[in-house]
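Enquirer: predicted coordinates and the sequence they were generated for:
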Amino acid sequence: MSIEVIPLAEADIPSAVDCLQKAFADDPYFCWAFDDPSKFNVQRNAASLGAHFRFGLNCGYPIYVAKVTRAASERKTERPITLPPGSVVGICWWSSPEVNPSKQTWSVWAQEWLLSFRQLMYNIRFAGRGGLNVQRYWIWKAMQTEAQKMQWTNPHGYYFCNMLGVSPQARGMGVGKRLMDVVMQRADEEGIPCYLESSKGAPNIAIYEKMGFELTGEIKCVDGEDICKLYCMIRKPKCKV
Ligand SMILES: CC(C)(COP(=O)(O)OP(=O)(O)OC[C@H]1O[C@@H](n2cnc3c(N)ncnc32)[C@H](O)[C@@H]1OP(=O)(O)O)[C@@H](O)C(=O)NCCC(=O)NCCS
């Protein structure tokens with residue numbers, strides 16, 4: 001399959017949201033946080049993801065999409081991609097390294113307020129959070145903060161891959177690796193480690209190990225008898241400046 005990996009643009013957001021929703025439909029964290037499928041509101045979820053993408057774009061975070069090119073859709077391949085040219089089949093969102101995560105810049109602070117405001121408006125428009133179990137969301141946030149405090153020991157910070165998703169029909173074709181490579185190469189040039197969390201142990205741990213990540217910890221989110229485990233992985237830079 002021929003695809004191009006390019007920075008996310010505002011116009012790609014709807015297609016990127018659709019790709020991500022499909023990629024994470026069976027994700028263990030997603031199923032734990034949205035624990036009642038009868039309450040799940042796909043439009044509310046799309047609005048929230050779109051707001052997060054706008055937040056990331058306005059903060060200048062490295063966010064890349066894999067798009068089907070015209071040539072790819074016309075080519076007769078073994079596994080033809082039936083999506084129209086320009087469709088997003090993969091998305092990778094990174095946060096840039098922060099030397100002092102507790103000290104925010106004014107612009108990021110302002111963007112966080114804008115994001116909160118948008119979410120508030122969506123809560124009114126969609127009459128709630130679209131099935132998100134808010135208590136579980138805060139359990140996860142608290143555990144994640146604790147895990148990152150323990151594992152983020154590099155004084156220059158980490159490139160944090162907080163979203164990577166490839167459309168089910170485009171998996172195993174190198175799309176995820178190409179998306180990751182863009183920022184991993186930059187991290188290598190800058191001598192900065194990369195960090196990620198995945199709630200899917202298999203096959204993701206093996207996939208990330210192939211990209212140079214090592215398992216460094218686990219996050220256990222407990223809500224009564226329902227537990228969600230996330231695997232933390234770090235990739236050391238290949239060469240230091
Ligand atoms: C995880 C995910 C992004 C990987 O994307 P992908 O495009 O399928 O991965 P790639 O084809 O680029 O494969 C990367 C490497 O992993 C290997 N790999 C791919 N699928 C594999 C599998 N099921 N088992 C073991 N290895 C696998 C590939 O062979 C490749 O190795 P190589 O470079 O040595 O050839 C994709 O499976 C996905 O979207 N999953 C659902 C959402 C998700 O879990 N996201 C991650 C949250 S942290």
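Expert: The structure has been received and is ready for your questions.
Enquirer: how close does Ala9 sit to Leu215?
Expert: Separation of Ala9 from Leu215 (Cβ to Cβ, to the nearest Å): 34 Å. (Glycine included, C-beta is placed from N, CA and C.)
Enquirer: same check, this time on Ile234
Expert: Ile234 is 9 Å from Leu215, where distance means Cβ to Cβ.
Enquirer: number of nearby residues for the nearest residue to Gly90 once chain neighbours are set aside?
Expert: Using Cβ to Cβ, 6 or more residues apart in numbering and skipping residues adjacent in sequence, the residue nearest Gly90 is Ala66, 3.5 Å away. Burial of Ala66 is recorded as 27 neighbouring residues (other Cβ atoms under 10 Å).
Enquirer: quick one: residues in contact with stretch 194-212.
Expert: 27-30, 32, 144, 147-148, 151-152, 158-162, 164, 176-177, 180, 183-184, 187, 213, 215, 219, 228-236, 238 (Cβ atoms under 8 Å, 6 or more residues apart in numbering).
Enquirer: and Leu83, what's its pLDDT?
Expert: Per-residue confidence at Leu83 stands at 80 (pLDDT).
Enquirer: wait, isn't Leu57 in contact with Ile63?
Expert: Yes. Look at Leu57 against Ile63 with Cβ atoms under 8 Å: they come within range, at 6.8 Å.
Enquirer: ok, the two, which is more surrounded?
Expert: More crowded of Leu57 and Ile63, by other Cβ under 10 Å: Ile63, with 23 against 17.
Enquirer: give the contact list for that one.
Expert: Contacts for Ile63 (Cβ under 8 Å, 6+ apart) come out as 7-8, 53, 56-57, 91-94.
Enquirer: identify the residue spatially nearest to it, adjacent ones excluded.
Expert: Leu8 (4.2 Å).
Enquirer: roughly how far does the one you found sit from Gln148?
Expert: 24 Å.
Enquirer: equivalent analysis for Ser199, please.
Expert: Ser199 is 16 Å from Gln148, by Cβ to Cβ.
Enquirer: and for Pro84?
Expert: 39 Å.
Enquirer: these two: which is more packed in?
Expert: Between Pro84 and Gln148, counted using other Cβ under 10 Å, Gln148 has the larger neighbour count: 17 against 10.
Enquirer: what about the helix or strand hosting the more buried one and the ligand, touching?
Expert: Assigned by DSSP states H and E, Gln148 falls within helix 134-151. No. Figure legend: helix 134-151 not in contact with the ligand (Cβ under 6 Å from any ligand atom); closest approach 12.8 Å.
Enquirer: sec struct for the residue nearest the centre of the chain, please.
Expert: With distances taken as Cα atoms, centre = their mean, Met163 lies nearest the centre of the chain, 0.7 Å away. Under DSSP: H, G, I helix; E, B strand; the rest coil, Met163 falls in the strand class.
Enquirer: let me know the pLDDT of it.
Expert: If you check Met163, the pLDDT there is 96.
Enquirer: same thing with Gln135?
Expert: 98.
Enquirer: thinking again about what came up before, quick one: buried residues of the helix holding Gln148?
Expert: 136, 139-140, 143-144, 147-148, 151 (16 or more other Cβ atoms under 10 Å).
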